[in-house]
Every structure is written in structure tokens, then in C-alpha cells.
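Novice: turn this into a structure:
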Amino acid sequence: MIKNNFFGRDQYLGILEKRCLGLKEGYRQNLAIIGDELVGKTAIIHRFLNRFYDNRLILIYLEARPESLSSFARRFTGVLLYNFLSASDIPLKEDFEFLLGKSERFIPKTTQKIRDILAAAEKRKKNNIFTELLSLTESIHQETGKYCVVIFDEFHNLEQAGFNNLYKDWSKLLITQKSTLHVIVSSLKFKAQSILSKNLSLLFGNFEVINVEPFENKDSEAFLKDNLKGLKLDKGLENFIVHFTGGYPFYLKLIGDSLLKSDKAHLADVLENMLFDSSGVLNQRFSNYLRRFFDSSSENDLVSLLHLVSSGRNKIKDLAHVLKKTQKELGNDIVRLLEADTVTKSGDFLKINDRVFGFWLKFVYQEKLQSLTFDAQNQKNKFRGHIEEMIEEFLLAAQKPVSLRLTELMRLFEDETFLLERKRVRLSHFREVKPLELNSKNLKDALICRSNESLWIMAVKREILTEDDVADFAKECKKYRHKLQRKIIITLAEVDANARLRALEEKIWTWDANNLNQILDLFYKPRLIV
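Specialist: Numbers count the residues shown, from 1 in each chain. Okay, here's the model as predicted:
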């Protein structure tokens, strides 16, 4: 069983454990775990592999990478044999012939199949090699009664191993293999979703898709503090780091480690070293990432589009106007960036997926391109100024009441649409946004927002939202007879189950800090960290 906290990843570990244990009971549900690069998918898998044990299950983890057919076949069978033997008392060695020899007396039919498959792979016979390899798990089940869990990390790289009819053959196996659980992991979200919807879309044996998200705010804070190992950091700066990194474990750890290593260094120094200096780890990373677009005939268009989005010009109609393109022409460039998982389209908006990359684009890459001088010190001073300005903007915003920040946000809406939990929401252009006094003992902060077509009534609750709160709010909303009425309660804590049900009945939307932050991100306003 899985124990100990894992900084907010328990829900993913819980799903993995549940599906593995279900396999033994005759219930098989394959999993597809997808999410942005650096969001922590592999860390989740490794944590699971280190914590979970059941002697009736053989866990086979393989990172798919560009390699030859024979190399992949040898790696797969080696991992299979090693993990099969790990339940025995035999001292193990990472030596393939040793593993094959030790396994022979327990699973003679399976080991003979392995020899045959490897011989075929050496002769570069590509037909059926992939299905033959995966059929080894069923062979082991027949010989021992054990079940297998096969995990392919970055599974799309299997395409480069040279298997014929990879997905066609795999989909047939997924239907017939009842004693094997398949878990596929990918950082290419767009490509993975396309494969799952077109190539591996099945009536039986289909994949349950698990989207791995960045850390929630409280988990980002816990993760950062754990990495700082007791180093005292101003609470406002802690919150800024959570905001700046967007909850990506990689960036949180990188910044935390750098603050520990640098003697009395300021956060601005750390970010400058990482992002601006030519040898900085993130400057090099992002420079290499951007090169993927340089082999394109539309290279300048793609980079210009990215820069505009990073600078806050992220409405599609505005981008078409600035770039002097038709919506169709711009659409082709957007598709390229969507396919590369560089941006996300949300209604009328584009958003750069990696917040730190977006900052680098705006304040490092583009500033250096536009500089009229080779004065590196002047460029560095400008960059330092941008960092300090951004920190100051965040700290000032954090001191404002939530209702005031909400008022400022509502006044930015211009009838755009965006997607919130797969629902299209129109952000009406309000002619009036003002405080509203509610006759409720718990809901004190409220707004009324009027446009020509609609009326929004919003309330903010810092504590747990209860059923009584929802009932009070619904009663207040009934005083207004506008036919296009949007009723929203923003809660900065939890929503109890009864309150959620009552809200659904009353057609009241309940937003949490994450929902609000999604809208703040679209307008490039500092996030709310609670």
C-alpha cells in the first residue's frame, strides 16, 4: 500500500493503486497519464513503483526512447525478467543472460519465447515483434498466475523503434489481454490525445485519461518549504515563487535549490542567473526549445506570435490585426503551436503553457533581439528592473481585498469567451461594476456587474462554503429579474458536499481560487495565492 504524503499527488497514486489492485479481481482499466513536460508525471510513476508491492503483480516500467528494434526488445525482456525474479529470494544482477538463466526453471515456455523474439529482432524481422513482446505477459500469467502492469513512459517514442503497424496491432492486444494492465505516459498532450482518439480508441480495453496538473497552491508552498530546508524566506516572496512557477515542481525545486546554494542571494539574483545569463540553466533550456521552430518556413511568424502572446496581446482577433493576417492564416500558425504543446487555446484567447518560458520570451529573448547596443550590462539592468517590477506588482496586488481585485478584473472584459472546465463562458463587457450589499451574515463581499445583455451577481467567501450560504445567496439573487443572469460564488476554502448540490439546483456557479486564477492569467494579472 502507498503511504506518506507526496505533495498533493495522492490522487494520482491512488488511481494507479486502485487500477492495479482491480486487475487481480478481474477488472482491467488501462490508463493514459498525460501532462506538460516538467509537471512531474515520471516522478509520480517512480514514487508509485517504489511504494507499491503485491507479489501477484509484476510491474514493468520502460522509458520509450529512439532506439533499434533489437535494443528495445532486449530492454523490455530484461526489465520483465528482473521484476519477475524480484519477488524471489534470488540475489539479482543486471545481467541479461543471468536473468534469463535464473528464470528458465520457473517460466520455461516464456523464456523460450524470449529467445525466439530476440533472435527475430536481431535479424530485423519487424512483423509482430511488438505484439510478441507484449504477449510475454500473458505467457507468464499462464505459467504462474501472476498479472503484469506494463508502463511505457513517453510512449509515443515507440513509433521510432521501427515497429510495423504499431497502433493497429497494439489495439488488438488491448482488447484481448485480460491479465495485463497497460499504462502509457506522455508529455506531448496534443499528440497523445490524437493517438488515443484515432489509433487507440476502442470499445473494450480503452484508456482512462488522467491529466496531471501542476501543484495546487498549498502543495507548491509545502514543496518549496521542503526544498528550502529551513531557510527563512519572506511569505510574500514565497507566494510570488508559487505564482511565477505556476506550480511546476521542476521550477520550484530549481529556484529552491538555487536560493539554498547562493549565500544570502536575493530572489532577483537567482532569477537573473537562471534566465538572463547566457550560461543560465533556463536561458539555455528555452533557447534550445525555441530552435524547434527555426526549421519552419513560418519561423518568424511563429516566434512573433509567441512574443505577442507572452506580452499580453493574446486575443486571437487582436493577433490577426497586429500580424496583418486573416483569421485562417493565423489559424495555421496557431495549430503549429498547439501541436507543439507550446500554447493552449481557450475560447478567444491564447495562453503560453509554460509561464516561466513566457516571461523569458518577453524579457530576455525579445529584449536582446530589439536591443540597439551590445551593452550587456545595460540589458542586464533592464532585465533586473523587470523582475523587481513584477515582484512589486505581485506584492501590491496581494495586499488588496479580493473584492477589489475582482472589480478590477471585471472591468477588463470585452465580450470575449474562454473555456472553464470545458464550458464556454462569455466575459461580458460590463458598463457597471460596483459593490453589492447582501442580506447574509456570512457573505459580505459581493459585486453586481451589468452589461446591455446580462447581469452577473458575485459573492466571495473566504471560509468553507455551506448550504446555508448558497441558500442565502440564491434568495438575494431572486430580487433581480434579469433574464440573462449569472450567479457566482467564489470560495477561497472548500465547498461542502451539500453546498455543491444546492448550488447545482439553484444554477449557481461555485468557483475556487484556481478558477479565478485561470481568468487572471488570461489578462496577465497576478494570481491569487491563498
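Novice: pretty sure Arg19 is touching Phe207, no?
Specialist: No. Counting by CB atoms under 8 Å, Phe207 is not a contact partner of Arg19; they are 10.9 Å apart. For every residue, glycine as well, the C-beta is placed using N, CA and C.
Novice: overlap in contacts, the two.
Specialist: Leu31 (CB atoms under 8 Å, 6 or more residues apart in numbering).
Novice: for the nearest residue to Val470 once chain neighbours are set aside, give me its contacts.
Specialist: Nearest non-adjacent residue to Val470, counting by CB to CB, 6 or more residues apart in numbering: Arg502, 4.4 Å away. Applying CB under 8 Å, 6+ apart, one finds that Arg502 lies in contact with 467, 470-471, 474.
Novice: Leu522 too?
Specialist: With contacts defined as CB under 8 Å, 6+ apart, the neighbours of Leu522 are 314, 346, 349, 351, 418.
Novice: swap in 7 Å and give it another go.
Specialist: Residues touching Leu522, when contacts are defined by CB atoms under 7 Å, 6 or more residues apart in numbering, comprise 346, 349, 351, 418.
Novice: partner residues bridging the third one?
Specialist: The one in question is Lys351. According to DSSP bridges, the residues that bridge with Lys351 are Thr344.
Novice: related to what we said a few turns ago, tell me how far the residue nearest to Val470 lies from Val495.
Specialist: Here the criterion is CB to CB, to the nearest Å. By it, Arg502 lies 10 Å from Val495.
Novice: what of Ser440?
Specialist: Here the criterion is CB to CB. By it, Ser440 lies 16 Å from Val495.
Novice: who has more neighbours out of those two?
Specialist: Using other CB atoms under 10 Å as the criterion, Ser440 and Val495 rank with Val495 on top: 21 against 17.
Novice: make sure the more buried one is actually in contact with Glu467.
Specialist: No. Distance between Val495 and Glu467: 9.9 Å, which falls outside the contact criterion (CB atoms under 7 Å).
Novice: assign Phe106 to helix, strand or coil.
Specialist: Following DSSP: H, G, I helix; E, B strand; the rest coil, we place Phe106 in the coil state.
Novice: picking that back up, how close does the residue nearest to Val470 get to Thr466?
Specialist: Computed as CB to CB, the Arg502 to Thr466 distance reads 9 Å.
Novice: equivalent analysis for Ser428, please.
Specialist: Applying CB to CB, one obtains 29 Å for the distance of Ser428 from Thr466.
Novice: in what helix or strand does Leu181 lie?
Specialist: Secondary structure from DSSP states H and E places Leu181 in strand 180-186.
Novice: so for that strand, mean pLDDT?
Specialist: The average pLDDT within strand 180-186 is 96.
Novice: same deal with stretch 396-409?
Specialist: When the per-residue pLDDT values of stretch 396-409 are averaged, the result is 95.
Novice: same deal with stretch 94-105?
Specialist: Mean pLDDT, taken over the full extent of stretch 94-105, equals 92.
Novice: so what's Pro214 closest to, chain neighbours aside?
Specialist: Nearest non-adjacent residue to Pro214, counting by CB to CB, 6+ apart: Gly247, 3.3 Å away.
Novice: quick one: contacts for the one you found?
Specialist: 214-216, 220.
Novice: you'd agree it is in a strand?
Specialist: No. When three-state DSSP is applied, Gly247 is found to be coil, with no strand at that position.
Novice: could you measure from it over to His46?
Specialist: Looking at Gly247 against His46, where the rule is CB to CB, the gap reads 19 Å.
Novice: now do Ser296, the pLDDT please.
Specialist: Predicted confidence (pLDDT) for Ser296: 61.
Novice: quick one on the thing from earlier: among the contacts of Gly247, who's most crowded?
Specialist: Counting neighbours by other CB under 10 Å, Ser220 comes out on top of these with 26 neighbours.
Novice: right, and that residue touches Leu252 too?
Specialist: Yes. Assessed by CB under 7 Å, Ser220 is found in contact with Leu252 at 6.0 Å.
Novice: circling back: just the contacts of Gly247 now: which is nearest Glu159?
Specialist: Sorting these by distance to Glu159 puts Pro214 at the head of the list, at 27.7 Å, by CB to CB.
Novice: for the stretch 51-200 of the chain, what are the low-confidence residue spans?
Specialist: For the stretch 51-200 of the chain, the stretches with pLDDT under 70 are 125-126.
Novice: what about 80?
Specialist: Applying pLDDT under 80 to the stretch 51-200 of the chain picks out residues 124-127.
Novice: helices or strands next to the longest helix seen in the chain in the packing?
Specialist: Determined from DSSP state H, the single longest helix within the chain is helix 376-399. For helix 376-399, the elements it packs on are helix 235-245, helix 267-275, helix 366-370, judged by 3 or more CB pairs under 7 Å, 6 or more residues apart in numbering; DSSP states H and E.
Novice: what's the distance between the helix or strand following it and the middle of its chain?
Specialist: As assigned by DSSP H and E, the chain's next helix or strand after helix 376-399 is helix 402-410. When distances are taken as CA atoms, centre = their mean, to the nearest Å, helix 402-410 is centred 27 Å away from the chain's centroid.
Novice: which other residues reach helix 402-410?
Specialist: The contact list for helix 402-410, computed with CB under 7 Å, 6+ apart, reads 397, 430, 433, 435, 445, 447, 449, 458, 460, 519-520, 523, 525, 528.
Novice: mind checking which of these are in helices?
Specialist: Taking DSSP H, the ones among these that sit in helices are 397, 519-520.
Novice: now distance to Asn239 and neighbour count too, for those residues, in TSV please.
Specialist: Written out in TSV, the entries for those read as follows (distance: CB to CB, whole Å; neighbours: other CB atoms under 10 Å):
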residue	distance to Asn239	neighbour count
Ala397	10	18
Ile519	19	21
Leu520	14	21
